[in-house]
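1. build me a model from this:
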Amino acid sequence: MSLTMIIVLLICSWLTVAAAMLWGVLRITRRHHHPVQPAPAPEADKTPSQHANAH
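-> The predicted model follows:
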């Protein structure tokens, strides 16, 4: 094998390992991610406002 081929294979194998590690980390974080529940909207008062009767 030539030196150029060894270097190319070394870089390709490094990229493959890096991609596999990234995929694993993203898979774990997605599995352990808990979606945030939206806060309940405050209910509007059904009583008439005092400002509407001020005039």
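2. okay, and the residue most central in space within the chain sits in which element?
-> In the chain, the centroid-proximal residue (C-alpha atoms, centre = their mean) is residue 30; its distance is 7.3 Å. Using DSSP states H and E, the element containing residue 30 is helix 3-32.
3. how many neighbouring residues does residue 5 have?
-> Look at residue 5: counted by other C-beta atoms under 10 Å, it has 9 neighbours. The way it works is simple: take the backbone N, C-alpha and C, and place the C-beta from them, glycine included.
4. repeat that for residue 20.
-> Residue 20: 10 neighbours (other C-beta under 10 Å).
5. state the distance from it to residue 8.
-> Going from residue 20 to residue 8 by C-beta to C-beta, to the nearest Å gives 19 Å.
6. swap in residue 32?
-> 37 Å.
7. between those two, who's got more neighbours?
-> residue 8 (11 against 7).
8. give me the pLDDT for the more buried one.
-> With respect to pLDDT, residue 8 scores 98.
9. and residue 12, by the same measure?
-> Residue 12 is assigned a pLDDT of 98 by the prediction.
10. do you know the pLDDT at residue 49?
-> 61.
11. do the same with residue 35
-> Residue 35 is given a pLDDT of 70.
12. run a quick neighbour tally on it.
-> Counted with other C-beta under 10 Å, residue 35 comes out at 5.
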